[in-house]
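[1] quick one: sequence plus predicted model below, questions after.
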Amino acid sequence: MDIDKGKSLNTLLQNISGTTITGPSDVLIQNLILDSRRVSAGSLFVALRGTQTDGHQFIDTAVNSGASAILCEELPANINPEVTYITVKDSAEAMGLIASEFYGNPSKRLTLVGVTGTNGKTSVATFLFQLFRGLGYRCGLLSTVQNQVEDEVIPSTHTTPDSIALNQLLALMLEKGCSHVFMEVSSHAVAQHRITGLQFAGGIFTNITHDHLDFHKTFDNYIKAKKGFFDQLPKSAFALVNVDDRRGSVMVQNTKAKIETYSLQTMASFKGKIISDTLTGMHMEINMHEVWFRVIGRFNAYNLLSVFGAAVLLGEDPEIVLTVLSALKSPPGRFEQFHSADNIVGIVDYAHTPDALENVLQTITHLRHGNEKVITVVGCGGNRDAEKRPKMAEIACKYSNRVILTSDNPRYEDPTDILDQMRKGVPPLDYKKTTVIEDRKEAIFRAYEEASPEDIILIAGKGHENYQEIKGVKHHFDDKEVLGQAFLEYPKN
Ligand SMILES: CC(=O)N[C@H]1[C@@H](OP(=O)(O)OP(=O)(O)OC[C@H]2O[C@@H](n3ccc(=O)[nH]c3=O)[C@H](O)[C@@H]2O)O[C@H](CO)[C@@H](O)[C@@H]1O[C@H](C)C(=O)N[C@@H](C)C(=O)N[C@H](CCC(=O)O)C(=O)O
Ligand SMILES: Nc1ncnc2c1ncn2[C@@H]1O[C@H](COP(=O)(O)OP(=O)(O)OP(=O)(O)O)[C@@H](O)[C@H]1O
Ligand SMILES: N[C@H](CCC[C@H](N)C(=O)O)C(=O)O
Ligand SMILES: [Mg+2]
C-alpha cells in the first residue's frame, strides 16, 4: 500500500457502477475527506447528506481549499473546469467502496469479525480481542471504549468509525502485523454505509431491544438496519445469531453466510447452561464442557457463548478457547465491581438502555443473598431516544430499594427536562424511595452515605466514560473515580 503518492481516481472508481464524471478523469487523489473544513490540495471531498446539514452546500468551499475531485449526488450550480465531479446515486455507499480501495482493501487481508445488537457489542468484541491475543494472534479492536492495535490504544469517537477512518485503521492494523480484527457494528453504521465495502469473515448478533428510535424512527427500521449487516455478509462468512432473541431468525433471513446459532434455552450449534452465578464467578456448561468464568451475570453468559462459538467457527480448538476465556475480566465499565473498606459493593455499568438496565439489575437481584439494599443511581442521555427515559426509571424502581435519578450526558438538553421525563415512569407506590439529584457527583455521594455494609450501589449509564457532555463541552467526569472518592471521604466505621 503506497498511499503517500496518492491513488488514481480511475482505480478508486473501478467497483462503482452508475457514476457520471464531469471533468478530467486522470486525477491523483491524495486523501479522502468528509468535512470541507479539512480539505487540502489533492483531496477527494465527499458530499454527504447528514442529519444536521447537507455536505453538498460545502462543495464550493472544498474546491476553494484545493479539492481535486468531488463525490456528490447532485452537481453544484458552479462547475470548476479544473475539478472532477463524480455523481453517484448514494455518496455514503460509494464512499464505503472508495475508502476500501484507497486503503488497499485491508479487510480482505484480515480475518474481520463484526458484532451487532443493542447490547453486548463492546463486551463481545473486547472478549474476542482478548481471547485471540491469548491464543497468540496479533489483533486489532474497534469499539466504543477504545480502538486498539495490539497494546497501542487509539481513542475512539464512535462505536463504528466512518468508512474512511475505519479503513485507515484497518490498514494500520494490517501494517502492524495483525491477522484478526474484531469490531462493533452499530445500527447507525449500517444505515450510513460506514461498513459498505468491507469483507467480513463473520458476523455476530447479540440481541435487539428498544434504543435509537430518535435516529431510526421506528423499531422496524432499527431491525432492518441491523439485518442489513447480515444481508451483506459473503457466502464464505458465518452469521452467528442468538436464537433466544425472537428477532434472531429475522436477522439471517436473507443472508448468504453460513447460519450458526447460540442459546441458553434451546437446541443450537453452541448451547450453554448456567450452573451457578455468584459475585466472584460463573460456572457454566458449554457444549458439554464445564467451565468457570471470572465474569458474571446471565447477559455475560450469552456474550461468552457467542465468543466461544465465533472462535470455534474460526477454526480454534474448543478446549483451548475455554481455558483462555475462563481467565478473562470484564471490559472497563461493564459490571465493574468496587469494594469499600466498610464492605459496601459499588458496581459501575454502562447500562444505558431499558433492557441493559433490567439485565444488570436482575443479575444483582440474583446475586443478593440476604437483606442487603440495592441503591441505583441512573440518568439518561440528552439528544438521544427520549422514549427510554420513563422506562429506565420504572425498571430502576422495580429492582431497587432506593433510586437516585441523576444527570447522564445532557448534551444540548436541559437536564431537568430529562429528569422530569424519567420521573414520569416512577410508579406512585415508589415515589417514597425515589429522589432526584441532578448533580451526578452529589448523587453518587448520597448513595454511599445511605448505604450500610453489604449493600450494593449500582451506578448505571456511563460505564467507562470519563466525561460528562454538557452543551458541546466534555467535562471530566468518571463514575469510578467519584465512587472511589466517596469511599475514601466518608468511611463508615
Ligand atoms: C447521527 C449521526 O450518526 N451523525 C453522524 C453524521 O453526522 P450528521 O449526519 O449530523 O452530519 P451533519 O452535521 O449533518 O453534516 C453532513 C455532512 O456535512 C459535512 N460538513 C458539515 C459542516 C461543514 O462546515 N462542512 C462539511 O463538510 C459533514 O462533515 C458531514 O459529512 O456523520 C458524522 C460524520 O461521519 C458523524 O460524526 C456523526 O456522528 C455523531 C457525532 C454522533 O453522535 N453519532 C452517534 C449517534 C453514533 O453514530 N452513534 C453510533 C453508536 C450507537 C450505538 O450505541 O449503537 C456509533 O456508531 O458511534
Ligand atoms: N448480551 C447482553 N445482553 C443484554 N445486556 C447486556 C449484554 N451485554 C452487556 N449488557 C449490558 O449492556 C451494557 C452495555 O454493554 P456493551 O457496552 O457491551 O454494549 P454495546 O452494545 O457495545 O453498547 P453501545 O451501543 O453503547 O456500543 C453493559 O454495561 C451491560 O449492562
Ligand atoms: N452509544 C450510545 C451511548 C450512550 C451512553 C449514555 N451515557 C448517553 O450519553 O446517552 C449513544 O451514543 O447513544
Ligand atoms: Mg459498544
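    Perfect, thanks for sending it. Ligands and ions are numbered 1, 2, ... in the order given.

[2] give me the distance between the residue in the stretch 351-493 of the chain that ligand 3 sits nearest to and residue 212.
    For the stretch 351-493 of the chain, the residue closest to ligand 3 is residue 381, as judged by C-beta to the nearest ligand atom, at 2.0 Å. In short, each C-beta sits where N, CA and C put it, glycine included. Look at residue 381 and residue 212: by C-beta to C-beta, to the nearest Å, they are 11 Å apart.

[3] now do residue 58
    For residue 58, the distance to residue 212 - C-beta to C-beta - is 27 Å.

[4] before we move on, what about residue 466?
    Taking C-beta to C-beta, one finds residue 466 at 23 Å from residue 212.

[5] comparing those two, which residue is more hemmed in?
    residue 212 (20 against 14; other C-beta atoms under 10 Å).

[6] contact partners for the more buried one?
    By C-beta atoms under 8 Å, 6 or more residues apart in numbering, the contact set of residue 212 is 187, 188, 222, 384, 385.

[7] list of residues touching the helix-or-strand element of the chain with minimal mean pLDDT?
    None of the helices or strands of the chain scores lower by mean pLDDT, DSSP states H and E than helix 213-216, at a mean of 73. With C-beta under 8 Å, 6+ apart as the test, helix 213-216 has contacts from 51, 187, 188, 191, 219, 222, 225, 383, 384, 385, 386, 387.

[8] pull up the gap between the fourth one and ligand 3, please.
    Looking back up the chat, that one is residue 191. The gap separating residue 191 from ligand 3 is 14 Å, by C-beta to the nearest ligand atom, to the nearest Å.

[9] residue 228 is in contact with that residue, correct?
    Yes - with contact defined as C-beta atoms under 8 Å, residue 191 counts as touching residue 228 (7.3 Å).

[10] who touches stretch 469-476?
    409, 410, 411, 412, 466, 467, 468.

[11] which residues touch the residue nearest the centre of the chain?
    The centroid of the chain falls nearest to residue 159 when counting by C-alpha atoms, centre = their mean (4.1 Å). Counting by C-beta under 8 Å, 6+ apart, residue 159 touches 121, 122, 143, 144, 184, 186, 188, 189.

[12] tell me the secondary structure at it.
    When classified by DSSP: H, G, I helix; E, B strand; the rest coil, residue 159 comes out as coil.

[13] pull the number of nearby residues for residue 253.
    10.

[14] residue 41 now?
    10.

[15] how about it, nearest residue that isn't a chain neighbour?
    Computed as C-beta to C-beta, 6 or more residues apart in numbering, the closest residue to residue 41 that is not its neighbour in sequence is residue 66, at 3.7 Å.

[16] can I get stretch 228-245 in CSV? Just the C-alpha atoms.
    Only the C-alpha atoms of stretch 228-245 are listed here, as CSV (Å, rounded to 0.1, in the frame of the first residue of the first chain):
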residue,chain,number,x,y,z
GLY,A,228,-28.5,-5.1,6.7
PHE,A,229,-25.2,-6.2,8.2
PHE,A,230,-26.1,-9.9,7.7
ASP,A,231,-27.6,-9.2,4.2
GLN,A,232,-24.2,-8.0,3.1
LEU,A,233,-22.1,-10.9,4.5
PRO,A,234,-20.5,-13.1,1.9
LYS,A,235,-21.1,-16.8,1.4
SER,A,236,-17.7,-17.6,3.0
ALA,A,237,-18.6,-15.9,6.3
PHE,A,238,-20.5,-17.2,9.3
ALA,A,239,-23.6,-15.5,10.7
LEU,A,240,-23.8,-16.4,14.4
VAL,A,241,-27.1,-15.5,16.0
ASN,A,242,-28.6,-15.6,19.4
VAL,A,243,-31.8,-17.6,18.9
ASP,A,244,-33.1,-16.8,22.3
ASP,A,245,-33.8,-13.3,21.0
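
[17] tell me the average confidence for it?
    Regarding stretch 228-245, the rounded mean pLDDT is 97.

[18] is that stretch anywhere near ligand 2?
    No - against ligand 2, stretch 228-245 shows no contacts by C-beta under 6 Å from any ligand atom, the least distance being 7.8 Å.

[19] okay, buried residues for that stretch please.
    Within stretch 228-245, the residues that count as buried by 16 or more other C-beta atoms under 10 Å are 228-233, 237-245.

[20] in strands only, show me those.
    Residues of the buried residues of stretch 228-245 located in strands (DSSP state E): 238, 239, 240, 241, 242.

[21] and of those, the nearest to residue 25?
    For those, the closest approach to residue 25 (C-beta to C-beta) belongs to residue 239, at 38.6 Å.

[22] how much space between the closest one and residue 195?
    Going from residue 239 to residue 195 by C-beta to C-beta gives 14 Å.

[23] from ligand 4, how far out is residue 261?
    23 Å (C-beta to the ion, to the nearest Å).

[24] that residue belongs to a strand?
    Yes - per three-state DSSP, residue 261 lies within a strand segment.

[25] ok, the closest residue in space to it that isn't next to it in sequence - contacts?
    Leaving aside its chain neighbours, residue 261 sits nearest to residue 268 (4.0 Å; criterion: C-beta to C-beta, 6+ apart). Applying C-beta under 8 Å, 6+ apart, we find residue 268 in contact with 243, 261, 262.

[26] and the pLDDT for the last one?
    You'll see residue 262 listed with a pLDDT of 98.

[27] can you check residue 220 too?
    82.

[28] low-confidence stretches in the stretch 151-300 of the chain?
    Low-confidence regions of the stretch 151-300 of the chain, defined here as pLDDT under 70, cover residues 210-211, 216.

[29] re the thing from before, out of the contacts of residue 159, which touch ligand 2?
    Applying C-beta under 6 Å from any ligand atom to those, those adjacent to ligand 2 are 121, 122, 144, 184.

[30] tell me the spacing between the closest residue to the third one other than its chain neighbours and residue 458.
    Same thing as residue 144. Sequence neighbours aside, residue 159 is the residue nearest to residue 144 in space, at 4.4 Å (criterion: C-beta to C-beta, 6+ apart). Note on residue 159: its distance to residue 458, by C-beta to C-beta, is 23 Å.

[31] tally of neighbours for the closest residue to residue 81 other than its chain neighbours?
    In this structure, residue 81 finds its nearest non-sequential neighbour in residue 23, 6.6 Å apart by C-beta to C-beta, 6+ apart. Residues within reach of residue 23, counting by other C-beta under 10 Å, total 17.

[32] quick check: residues of the stretch 151-300 of the chain near ligand 4?
    159, 184 (C-beta under 5 Å from the ion).

[33] all strands of the stretch 151-300 of the chain, in order?
    For the stretch 151-300 of the chain, the strands defined by DSSP state E, counting those that start in this stretch occupy 152-154, 180-184, 202-205, 238-242, 258-263, 270-278, 281-286, 289-293.

[34] and ligand 1, which of those strands is closest to it?
    Of the strands of the stretch 151-300 of the chain, nearest to ligand 1 by C-beta to the nearest ligand atom is strand 180-184, at 7.4 Å.

[35] for that closest one, buried residues please.
    Quick answer for strand 180-184 (16+ other C-beta under 10 Å): 180, 181, 182, 183, 184.

[36] check stretch 35-50 too.
    By 16+ other C-beta under 10 Å, the buried positions in stretch 35-50 come out as 36, 39, 42, 43, 44, 45, 46, 47, 48.

[37] farthest pair within those?
    Maximum pairwise distance among the buried residues of stretch 35-50 (C-beta to C-beta): 19.8 Å, between 42 and 48.

[38] residue 68 - how many residues pack around it?
    For residue 68, the neighbour count with other C-beta under 10 Å is 22.

[39] and it, what pLDDT?
    pLDDT, residue 68: 96.

[40] let me see the contact set for it.
    Counted by C-beta under 8 Å, 6+ apart, residue 68 has contacts 27, 28, 29, 30, 41, 42, 43, 44, 83, 84.
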